[in-house]
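>>> sharing a sequence plus its predicted fold:
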Amino acid sequence: MTVPAGPDAARQAPPTLLAVAHGTRDAEGVAVTEALVAGVRALRPGLRVERCFLDLVAPSLPEALAGLNGEVVLVPLLLGAGYHVRADIPGALAAAPHLRVRVARVLGPDPLLAEALADRLADAGWRAGDGPVVLAAAGSTDPGANAGTAAMASLLREHLPGGDEVVPAHLCAAGPTPAAAVAALRSEGHARVAVAEYLLSPGYFARSATRSGACLTSAPLGTHDALARLVMRRYDKARGAGRQPRGLLTRSGRIT
């Protein structure tokens, strides 16, 4: 049942934005996450924006949820919808019945990420017509998450001037690896092959991507301003406008 808004509804604070990152032992990777969250705060002054991590770094998701009240929009700072989205996040939310939580869609795939990836390639020295690009994602045992990488490769190809070929690859859990993709393109006669890191921050996977044998490797997406805009887009869509969006946690602990 929908409760009519009272006269003070317009003055109520908007739901807290809780950004949930994967977590890494790499200090630079954590710093990049903090900088991204700071960029989100700068886009929406007055909005409460908190951050937490799914692994390795504090605060954890359960710790962050325990410190919040009222309405929350949880935005996963994840490029693909794998195990964390299917299991870890719903499990943590089911243990926080004191909150009304809406869960936004993961960041990828999205045209804004294609914009950021293209800029990172240009920063690394790639130019239109240089040759094919291997899109290096972390990889997942979830076929749906890997399908998202393939969709992102198509979006990047559409965004790149000249429409150079973009081949999806995965650094673990699925093939081909970036090194195998680079080698296959070279065997087809491409003298120059670039690797675009479809990763949010520096760390083990980012370092692995640089050893793929490409002519150049772009940096992780990091603090590109398109990322902060995308986080806010996910928040606004999940929050909705006068309707219950998908991703509302019910008292039974189920995400609808």
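All right, it came through fine.

>>> can you give me the helices in the stretch 151-256 of the chain?
For the stretch 151-256 of the chain, the helices defined by DSSP state H, counting those that start in this stretch cover 178-187, 204-209, 225-239.

>>> the first one packs against which elements?
For helix 178-187, the elements it packs on are strand 133-137, strand 166-170, judged by 3 or more CB pairs under 8 Å, 6 or more residues apart in numbering; DSSP states H and E. Using the backbone N, CA and C atoms, a C-beta is placed for each residue, glycine as well.

>>> single out the most deeply packed of the ones you listed.
Among those, ranked by average contacts under mean count of other CB atoms under 10 Å, first place goes to strand 133-137 (a mean of 29).

>>> looking at the chain, which helix or strand is least sure?
Lowest on mean pLDDT, DSSP states H and E among the helices and strands of the chain sits helix 83, with a mean of 78.

>>> for it, what is the distance to the chain centroid?
14 Å (CA atoms, centre = their mean, to the nearest Å).

>>> and what of stretch 109-126?
14 Å.

>>> swap in stretch 49-62?
Chain-centre distance of stretch 49-62: 15 Å, with CA atoms, centre = their mean.

>>> buried sites along that stretch?
V49, E50, R51, C52, F53, L54, V57, S60, L61 (16 or more other CB atoms under 10 Å).

>>> same deal with stretch 183-195?
Within stretch 183-195, the residues scored as buried using 16+ other CB under 10 Å are A184, L185, R186, H190, V193, A194, V195.

>>> ok, stretch 138-156 next?
Using 16+ other CB under 10 Å as the test for burial, stretch 138-156 gives A138, G139, S140, D142, A145, N146, G148, T149, M152, A153, L155, L156.

>>> mind checking the pLDDT average for it?
For stretch 138-156, mean pLDDT is 92.

>>> begin at 41, not 1, for the rest of this chat.
Okay, using 41 as the starting number, the last item reads as stretch 178-196.

>>> name the residues that touch that stretch?
Contacts with stretch 178-196, where a contact means CB atoms under 8 Å, 6 or more residues apart in numbering, come from 119-123, 126, 146, 148-151, 153-154, 157-158, 173, 175, 177, 206-208, 210-214, 236, 238-239, 245.
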